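Chemist: Sequence plus the predicted model coming up.
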Amino acid sequence: MITIRHRNERGHANYGWLDTYHTFSFDTYYDRTYMGFRSLRVINEDRVAPAKGFGTHPHRDMEIITYVLEGSLQHRDSMGTGSIIWPGEVQRMSAGTGVTHSEFNPSKTEPVHLLQIWILPDVLGIPPSYEQKQFSRDTMSGKLRLIASKNPVDDAVTVHQDIRLLAAVLNEQSISHELKTGRHAWVQVARGKVQLNGLLLEAGDGAAISEERSVELRGSGEVLLFDLN
């Protein structure tokens, strides 16, 4: 069974400095049908204006992943971490018992385009932690590259939940991913157009997948695939 979440049906807000789309209920946007999918709680597609950003604010008991598509994002947090995230890099912050952080666009001229992802952890009250890894886009070209997992390999970041997050960049190519019995998937198209098991998805579209043996992707674009329990 595949349920498509159309890009134009997402929650949307434009504050001038921030143009944001919410795949699932978030902040003032509420849709009881889309409160998340399995342990996946938030996928926000954000465009932040030059020299603007999110001021210091708190989180707890959430796994937060930032995936930058264009531009750059400056991160600071109460753990003492300070970094800039670029396309091809993945940031993971485990909020655990509590952390405060800020995210700003350090450019004075260029916007930043990113996906912010929240995942519900499988254990509460862990010490907060931070991780940032760079992934060559060559390793995502024409294949699914593991970028986050509870049991990471190949330099993927660690998340405290039984998920596997994979990324692929396709150029008129086809890839497939087997779903083991009892597993589910969410596909999010970040750029371009792809066919998911024969169904057309475009940038901003997502899809919930259950009771399918495999995920088949074909086309040109950039895709995130969440393999979920």
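Modeler: On my side now, so go ahead.

Chemist: Bridged to residue 187, which residues?
Modeler: Beta bridges link residue 187 to residue 207, residue 225 when assigned by DSSP bridges.

Chemist: How about residue 117?
Modeler: Bridge pairing for residue 117 - DSSP bridges - gives residue 43, residue 65.

Chemist: which residues touch it?
Modeler: 40, 42, 43, 44, 64, 65, 66, 67, 165 (Cβ atoms under 8 Å, 6 or more residues apart in numbering). All C-beta atoms are positioned from the backbone trio N, CA, C, and that covers glycine.

Chemist: Which residue is the nearest non-sequential neighbour of the second one?
Modeler: Distance criterion Cβ to Cβ, 6 or more residues apart in numbering; nearest residue to residue 42, sequence neighbours excluded, is residue 118 at 3.6 Å.

Chemist: circling back: could you identify which of the contacts of residue 117 has the most neighbours?
Modeler: Neighbour count (other Cβ atoms under 10 Å) singles out residue 165 as the most crowded of the contacts of residue 117, with 28 neighbours.

Chemist: List the contacts of that residue.
Modeler: Each residue near residue 165 by Cβ under 8 Å, 6+ apart is listed here: 65, 117, 146, 147, 148, 149, 156, 159, 224, 225, 226, 227.

Chemist: Remind me which helix or strand the fourth one belongs to.
Modeler: This points to residue 147. strand 145-149 (DSSP states H and E).

Chemist: rewinding a little: and the residue nearest to residue 42, how many residues sit next to it?
Modeler: 19.

Chemist: residue nearest the centroid of this structure?
Modeler: residue 117 (4.1 Å; Cα atoms, centre = their mean).

Chemist: so the residue nearest to residue 42 touches residue 60, yeah?
Modeler: No: taking contacts as Cβ atoms under 8 Å, residue 118 lies outside contact range of residue 60: 11.9 Å.

Chemist: before we move on, back to that, average model confidence for the next helix or strand after the strand holding residue 147?
Modeler: Next in sequence after strand 145-149, counting helices and strands by DSSP H and E, comes strand 157-158. Summarised as a single mean, pLDDT over strand 157-158 is 97.

Chemist: what stretches of the chain score poorly on pLDDT?
Modeler: Applying pLDDT under 70 to the chain flags no residue at all.

Chemist: mind giving me the domain ranges of it?
Modeler: Domain segmentation of the chain under automatic domain parsing yields 10-134, 137-228.

Chemist: and the end-to-end length of the shortest one?
Modeler: With Cα to Cα, to the nearest Å as the measure, domain 137-228 spans 24 Å from end to end.

Chemist: cool, and stretch 196-215?
Modeler: 7 Å.

Chemist: For the residue nearest to residue 42, give me its contacts.
Modeler: 40, 41, 42, 62, 63, 64, 65.

Chemist: can you do 7 Å?
Modeler: 41, 42, 62, 63, 64 (Cβ atoms under 7 Å, 6 or more residues apart in numbering).

Chemist: Residue 158 too?
Modeler: 92, 131, 152.

Chemist: I'd like these as a markdown table, with neighbour count and distance to residue 10 appended.
Modeler: As requested, the contacts of residue 158 are arranged in a markdown table below (neighbours: other Cβ atoms under 10 Å; distance: Cβ to Cβ, whole Å):
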| residue | neighbour count | distance to residue 10 |
| --- | --- | --- |
| 92 | 24 | 24 |
| 131 | 17 | 28 |
| 152 | 17 | 29 |
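
Chemist: how close does the residue lying closest to residue 224 once chain neighbours are set aside get to residue 45?
Modeler: Excluding the flanking residues, the one nearest residue 224 by Cβ to Cβ, 6+ apart is residue 188, at 4.6 Å. Applying Cβ to Cβ, to the nearest Å, the value for residue 188 to residue 45 is 9 Å.
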